[in-house]
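> I'd like to go over a predicted model; first the sequence, then the structure.
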Amino acid sequence: MSNAVVNIFRIPDLRKRVLFTLLILIIYRIGAHIPIPGINVDALKVYFLEAQSTGVLDFFDLFAGGALKRFTLFALGIMPYISASIIIDLLKVVFPALERLSKEGAEGHKKIAQYTRYGTVLLCIIQSLAITFWMKSMRTRGGGSVVPEDAGIGFIIVAVIAITTGTMVLVWLGEIITERGIGNGISLIIMAGIVVRSPQAVASTMRKIGDTGEPIVGIILLGLFLLVVASSILLTLGTRRIPVQYGKKLAGRTMMQKSSQYIPLRVNAAGVIPIIFASALIMFPSQMVHLMGGSSNTVLNQVQFWLSPGQIPYIVMYSGLIIFFCYFYTSIRFNPTEIADNLKKYGGFIPGIRPGQNTSDHIMYILNRITLSGSIFLALIAIVPDFIIRIWPEQVEPSMAYLFGGTSLLIIVGVALDTLKQIESQLLMRHYDGFLKNTRMQGRR
């Protein structure tokens with residue numbers, strides 16, 4: 001592997017791509033520390049030090065690379081763009097015109113990308129307005145305010161424009177990484193935001209473990225982390241191959257037999273989207289109560305407690321929503337009838353299965369079975385942070401717990417595998433050794 005790293009910098013084109021990607025990620029981290037004009041940074045730090053519980057905020061702040069709690073230009077991170085992309089995918093099912101547009105080649109993809117950017121701007125405006133009004137309501141116990149008392153409509157407009165512009169700049173940075181750098185730019189920005197907080201979270205957790213005098217907790221956490229990473233890799237790369245054969249075809253005067261192929265069905269075809277959907281739904285009531293400054297209603301406070309990370313009702317509902325959205329999103333993205341029709345059109349068939357509807361039913365039967373196992377596995381990985389918070393609330397920081405499972409770890413594993421796969425492809429294309437001798441790395445696609 002050390003030879004592969006050296007070879008990366010021997011190839012001029014690959015070296016430029018890697019250094020360009022690192023430069024853009026550095027720019028992203030600089031922007032994540034530029035605060036929104038008009039806020040009191042010192043009062044903001046005091047407010048979060050005095051806050052009793054920030055579990056929900058810690059979860060969303062993880063994907064913004066810590067920029068949300070600092071209320072910087074990149075406070076929303078790249079997540080509005082991800083949300084807009086998911087919404088566009090769902091709208092393709094409702095509006096056939098969008099589905100047809102996505103199949104029109106480069107021009108169609110360009111239009112879809114344009115609609116996604118419009119949706120990103122709309123989501124940014126809505127979310128930045130909510131964040132701005134929340135900032136205006138923040139007060140420390142000493143009476144200090146995060147936003148000056150005399151801040152009016154001018155501050156709201158400046159804050160909304162700053163946050164929205166910051167997110168769109170991130171989208172642009174991600175696109176130029178994809179075009180001129182190495183790897184998928186949007187995914188790399190999300191991964192960088194997650195990874196950059198790891199040293200601070202690990203140091204804080206180790207400090208707490210040292211204060212409590214329980215070093216065995218650190219050993220258990222390390223073993224658990226390695227186990228979850230290995231499970232995430234298996235879930236990311238796991239596929240079920242359905243063998244496919246093609247009939248003989250006359251080529252000149254001889255009958256040619258096409259080589260046997262297969263249809264790869266991913267165990268986790270929906271990726272991390274079920275976790276994103278489930279998190280948004282289950283945290284919405286708690287977030288609303290939190291943004292309104294709490295509630296004097298006993299019932300609402302009890303519901304907020306039950307739906308907070310680490311509680312048993314939260315874990316049960318969260319797991320159920322993940323399993324549901326795994327089936328829901330897989331059914332949207334995967335069409336067995338279309339695959340069966342294409343096989344029939346090109347003379348392919350699954351051995352022992354009649355072409356047409358029987359092939360479609362067979363693929364759907366296999367897909368349902370592997371989706372069930374994949375969704376349960378995904379739910380188990382997703383609730384690992386909640387069990388860590390519940391078992392060791394005094395020793396483990398919430399930000400450290402969220403690095404052990406769920407969307408964060410799956411994103412890190414998936415993006416790392418894809419990026420290494422692209423680098424290895426560049427090396428092998430130029431007749432250099434890859435990262436592993438006598439073998440090839442397997443990517444997600």
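Nice, thanks for sending it over.

> give me every residue that touches Gln127.
Contact partners of Gln127, counting by Cβ atoms under 8 Å, 6 or more residues apart in numbering, are Leu76, Pro80, Ile163. Just so you know, the C-beta spots here come from the backbone N, C-alpha and C atoms, and that holds for glycine as well.

> Which parts of the stretch 151-300 of the chain are strands?
Secondary structure of the stretch 151-300 of the chain, counting by DSSP state E, counting those that start in this stretch: strands at 239-246, 248-251, 254-257, 261-266.

> Can you give me the domain boundaries for this protein?
1-196+407-445, 198-404 (automatic domain parsing).

> Adding mean pLDDT, write those domains out as CSV.
Output for the domains of the chain, formatted as CSV (pLDDT from 0 to 100):
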stretch, mean pLDDT
domain 1-196+407-445, 79
domain 198-404, 78
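
> Can you check which helix is longest in this protein?
If you go by DSSP state H, the chain has its longest helix at helix 106-137.

> That one: how far from the chain's middle?
17 Å (Cα atoms, centre = their mean, to the nearest Å).

> Not counting its own residues, what contacts stretch 328-335?
Against stretch 328-335 from outside (Cβ under 8 Å, 6+ apart): Asp89, Leu90, Lys92, Val93, Leu265, Ala269, Ala270, Ile273, Pro274, Phe277, Leu367, Thr371.

> can I assume Ala401 is in contact with Pro385?
Yes. Under the criterion of Cβ atoms under 8 Å, Ala401 makes contact with Pro385 at 4.1 Å.

> Of the contacts of stretch 328-335, just say which sits nearest to Val316.
Set against Val316, the nearest of these by Cβ to Cβ is Pro274 (15.7 Å).

> Counting neighbours, what do you get for the closest one?
When neighbours are counted by other Cβ atoms under 10 Å, Pro274 registers 26.

> could you check the distance from Ile153 over to Ile388?
Distance of Ile153 to Ile388, given as Cβ to Cβ, to the nearest Å: 44 Å.

> What of Leu123?
31 Å.

> So if I had to pick from these two, which one is more boxed in?
Ranked by neighbour count (other Cβ under 10 Å), Leu123 and Ile388 place Ile388 first, with 26 against 20.

> Identify the residue spatially nearest to that one, adjacent ones excluded.
Spatial nearest neighbour of Ile388, chain neighbours left out: Ala401 (4.3 Å); criterion: Cβ to Cβ, 6 or more residues apart in numbering.

> Which strand or helix spans the one you found?
helix 398-402 (DSSP states H and E).

> I'd like the next helix or strand past that helix.
Assigned by DSSP H and E, the successor of helix 398-402 is helix 406-429.

> Would you mind getting the angle between the helix or strand harbouring Ile315 and helix 406-429?
Using DSSP H and E, Ile315 falls within helix 312-333. Counting by axes from the mean of the first three to the mean of the last three Cα atoms, to 10 degrees, helix 312-333 points 40 degrees away from the direction of helix 406-429.

> Quick one: work out the angle between helix 312-333 and strand 261-266.
Using the same axes, to 10 degrees: helix 312-333 against strand 261-266 is 150 degrees.

> What residues sit buried inside helix 312-333?
314-315, 317-319, 321-323, 325-331 (16 or more other Cβ atoms under 10 Å).

> downstream neighbour of that helix in the secondary structure list?
helix 336-345.

> Strands of the stretch 1-150 of the chain, start to end?
Under DSSP E, counting those that start in this stretch, the stretch 1-150 of the chain gives no strands.

> Now the phi/psi pair for Gly348, please.
phi -100, psi 160 (degrees, to the nearest 10).

> Which neighbouring residues are in contact with it, exactly?
So Gly348 contacts Val244, Gln245, Tyr246, Gly247, Gln261, Asn342 (Cβ under 8 Å, 6+ apart).

> what does Ile263 give?
By Cβ under 8 Å, 6+ apart, the contact set of Ile263 is Arg241, Ile242, Val244, Ile339, Ile363.

> If you rank those residues by neighbours, which is first?
Going by other Cβ under 10 Å, Ile363 tops these with 22 neighbours.

> sec struct for that residue, please.
The three-state label given to Ile363 by DSSP: H, G, I helix; E, B strand; the rest coil is helix.

> Now do the nearest residue to it once chain neighbours are set aside: how many residues are near it, please.
Nearest residue to Ile363 in three dimensions, chain neighbours excluded: Pro336, at 4.1 Å (Cβ to Cβ, 6+ apart). By the criterion of other Cβ under 10 Å, Pro336 has 20 neighbours.

> dump the residue contacts of Pro336.
So Pro336 contacts Thr359, Ser360, Asp361, Ile363, Met364, Leu367 (Cβ under 8 Å, 6+ apart).

> any idea how far it is from Ile353?
For Pro336 relative to Ile353 (Cβ to Cβ), the value is 12 Å.

> any residues in contact with both of these two?
Common neighbours of Pro336 and Ile353, using Cβ under 8 Å, 6+ apart, are Thr359.

> thinking again about what came up before, just the buried ones from the contacts of Pro336?
Thr359, Ser360, Ile363, Met364, Leu367.

> between those, which is nearest Trp306?
Of all those, Leu367 has the smallest distance to Trp306: 34.0 Å, by Cβ to Cβ.

> May I see the buried residues of the helix or strand hosting the closest one?
In this structure, Leu367 sits in helix 357-382 according to DSSP H and E. The neighbour-count check on helix 357-382 (16+ other Cβ under 10 Å) flags 359-360, 362-364, 366-367, 370-371, 374-375, 377-382 as buried.
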